[in-house]
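In: Structure for this input, please:
(one chain, ligands or ions: 1)
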Amino acid sequence: MSRSKYQTVDPQAPPEPKRVLKMVLLVGSIMAMAVILSLATVLTGRPDVAPLIRVATIPEDKKLSAETERRLIIVGDVHGQLHEFKKLLKEVRFDKKKDLVVLLGDFTTKGPDSLDLIDKAIDIGAMCVRGNHEDELVSLYAEAHHLDIPKTYPPHASATTITFGEQPTPTLDPTPGPKRDDDSKLPFPDYSHEAPNPNFEVEVADRHRDWPLAKKMKKHHMKYIQNCPSVLELGNVSKRGINGVACHGGLVWHQRDLEDQDPEVTLRIRGLLPPNYMQPSEGKDGEAWYKYWGDEQRRRPKNERYQVFYGHDASKGLQLHKYSRGLDSRCVKGGELSAYVITVDSKGHFHEKLHQVDCSAA
Ligand SMILES: [Mn+2]
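Out: Next up, the predicted model:
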């Protein structure tokens, strides 16, 4: 056999045994490498951290319905108080088969059982919005796993409005940040380089406190938090055609489109500053955002009005107004845990009821 014979291969001819062996070895080693790589990913628990979703809508089959007798159970800041959360579910006679629970953010940190609370939320199919404390956990988790801190999806990008429950397509490059020499020497990350919204203080003490929690978080806990948008549309919540919307802090009245609301603001706002009350504040200065929100809704056609369900403002406590329902009633500080339950009957009438459980018992 001359050498030249190998250079003109007849495609119809059966492959040489040696060539087949080579191919098998090549394919085999590629497959083995892929298995090793994915095993390493599983073992190290290497997470994907996706950007914050601005606006999501609850799926049609989870919206309020007279036929299915589904109820919307909206719960204020739980802060890892699993015991009280279970008590509240019992109090409202939660039915996993038909009811939908929506968590208004800050369901983690401060209290004793943050990760078990997330597991419970997953188990009962609860939906959520991201609180400032979950937002902080995302950045701590990214830091703990040497990932870049994910950005927010830009407004009106195709990926921003998704049906809740779908995993968003991460646009973050999951390339790890610089590896530290010895992870055990890292007491907590250095945040001095961060320049957040100047109106919002960086809660350094909170970050020190929550660093161990972020390191304990498993991939599925992070995935749950990542699926909590900054704003969640709840569908029709009143006979007058008013839509419900959930967010942790609040909304600014002068942004008509929900996608134009700044997520940094919706997670943290408490007040609006003079002179024009468009400038948000997280502190106690200025006027409550919801006063301006209410006035703005009255100026809009009824089908363009929103009733906002929110948490975050423990110092003001329970705040029930026509176009805003503040449900942070200080459970983690020994107050109450609140749930707002909405139902619709066969005549199309909506019913609302507030339920609370005491959080002061040891
Ligand atoms: Mn908060």
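
In: for this structure, where's the lowest mean pLDDT among helices and strands?
Out: Considering only helices and strands, the least confidently modelled element of the chain by mean pLDDT, DSSP states H and E is strand 161-163, at a mean of 40.

In: Name the SS class of the residue nearest to V92 when sequence neighbours are not counted, please.
Out: By the measure of Cβ to Cβ, 6 or more residues apart in numbering, the closest residue to V92 outside its immediate chain neighbours is H355, 5.1 Å from it. Where you see a C-beta, it was placed from the backbone N, CA and C, and this is true even at glycine. Reducing the assignment to helix, strand or coil with DSSP: H, G, I helix; E, B strand; the rest coil, the entry for H355 is strand.

In: H355: what's it in contact with?
Out: Contacts here follow Cβ atoms under 8 Å, 6 or more residues apart in numbering; on that basis H355 touches L88, E91, V92, S338, A339, Y340, V341.

In: List buried residues within those residues.
Out: Restricting the contacts of H355 to buried positions leaves L88, V92, S338, A339, Y340, V341, with burial counted as 16 or more other Cβ atoms under 10 Å.

In: thinking again about what came up before, could the contacts of H355 be laid out in a markdown table, adding distance to the ion?
Out: Compiled in a markdown table, those are given as follows (distance: Cβ to the ion, whole Å):
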| residue | distance to the ion |
| --- | --- |
| L88 | 18 |
| E91 | 23 |
| V92 | 23 |
| S338 | 14 |
| A339 | 17 |
| Y340 | 17 |
| V341 | 22 |
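
In: Just send those residues back as CSV, with secondary structure too.
Out: CSV is the format used below for those (three-state DSSP):
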residue, secondary structure
L88, helix
E91, helix
V92, coil
S338, strand
A339, strand
Y340, strand
V341, strand
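
In: so which pair among these is furthest apart in space?
Out: Within the contacts of H355, E91 and Y340 form the most distant pair, 12.7 Å apart (Cβ to Cβ).

In: Can you give me the neighbour number for the residue of the stretch 201-350 of the chain found nearest the ion?
Out: Using Cβ to the ion, the closest approach of the stretch 201-350 of the chain to the ion is made by H312 at 3.8 Å. Taking other Cβ atoms under 10 Å as the neighbour definition, H312 ends up with a count of 27.

In: show me the contacts for it.
Out: By Cβ under 8 Å, 6+ apart, H312 lies in contact with 77, 104-106, 131-132, 248-250, 267-268, 270, 328.
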